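Trainee: Here is the input, now give the coordinates:
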Amino acid sequence: MANRVEININDEDFRRQIYKMEKLGHGTKELKAVLRKSAQPWAKAANSSVYNYVTRKTGNMGKAIGIGTFESKSRNQIGVKARPKAKSFSGDRETNAGWRAHFFATPARQISPSKRIPWASIYAKENGQVIANVIAGVRALFKRLGIR
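Mentor: This next block holds a predicted model:
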C-alpha cells in the first residue's frame, strides 16, 4: 500500500529451519498458511476502520482488504501482506470493493486529505500481535513437522 509496513526476520537459524523443512519434502505451503493466519489482525483492523475515512456510498469497503502471500526465491523471501482483494468473477457484487481500496492506498491529488486512509498507522497498531502470531505459529509448525 502507500507506506509499506514490513517486519523482516533476518535470522540465520530461522533460514536453516526453512531449508530443513524444504529438504524434508515440505514445501512452503504450510508456512504460507501460518503467515496468512498470523496477518489476519492487519486485515481486520483495516476493514474495521476504513469507514472512519470513506463514506459507505463508495461500495463494500468494509471487506475490501484481504491477505496475500508472496515468495521470492531470488531474494530468499517468503511473506504475507494485507492488500486490496482482487475482483471475484463469481458475479457477486459484494466482493468487488477491493479495486476501490487501491485508490485510497496511494491517494491521487484529487482525493481530499480528509478521505485519505492512514494505512501505515492502522497496520502499525497491530504489528505486535502479528509478530506474536508469527512466532507462535512458526514454532508450532516446526514442532509439528519435527524440525526442531
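Trainee: pretty sure G68 is in a strand, no?
Mentor: Yes: counting by DSSP: H, G, I helix; E, B strand; the rest coil, one finds G68 located in a strand.
Trainee: The closest residue to it other than its chain neighbours pairs with what?
Mentor: Spatial nearest neighbour of G68, excluding adjacent residues (Cβ to Cβ, 6 or more residues apart in numbering): R83 at 5.3 Å. Backbone N, C-alpha and C define where each C-beta goes, glycine included. Here R83 sits in beta bridges with G66, as judged by DSSP bridges.
Trainee: what number of residues lie near R83?
Mentor: 20 (other Cβ atoms under 10 Å).
Trainee: my guess is it meets I65, correct?
Mentor: Yes: contact criterion Cβ atoms under 8 Å: R83 and I65 qualify, at 6.9 Å.
Trainee: ok, back up a step: check contacts around the residue nearest to G68.
Mentor: Residues counted as contacts of R83 (Cβ atoms under 8 Å, 6 or more residues apart in numbering) are 1, 65-68.
Trainee: Please tell me which one of the residues you listed counts the most neighbours.
Mentor: I65 (26 neighbours).
Trainee: Leaving out sequence neighbours, find the closest residue to that one.
Mentor: Sequence neighbours aside, A46 is the residue nearest to I65 in space, at 4.2 Å (criterion: Cβ to Cβ, 6+ apart).
Trainee: Below-threshold pLDDT in this protein: ranges please.
Mentor: Residue ranges of the chain with pLDDT under 70: 1-8, 10, 57-59, 87-99, 102-108, 148.
Trainee: How many neighbouring residues does the closest residue to I9 other than its chain neighbours have?
Mentor: Among residues not flanking I9 along the chain, V134 sits closest, at 7.8 Å (Cβ to Cβ, 6+ apart). Neighbourhood size, V134 [other Cβ under 10 Å]: 18.
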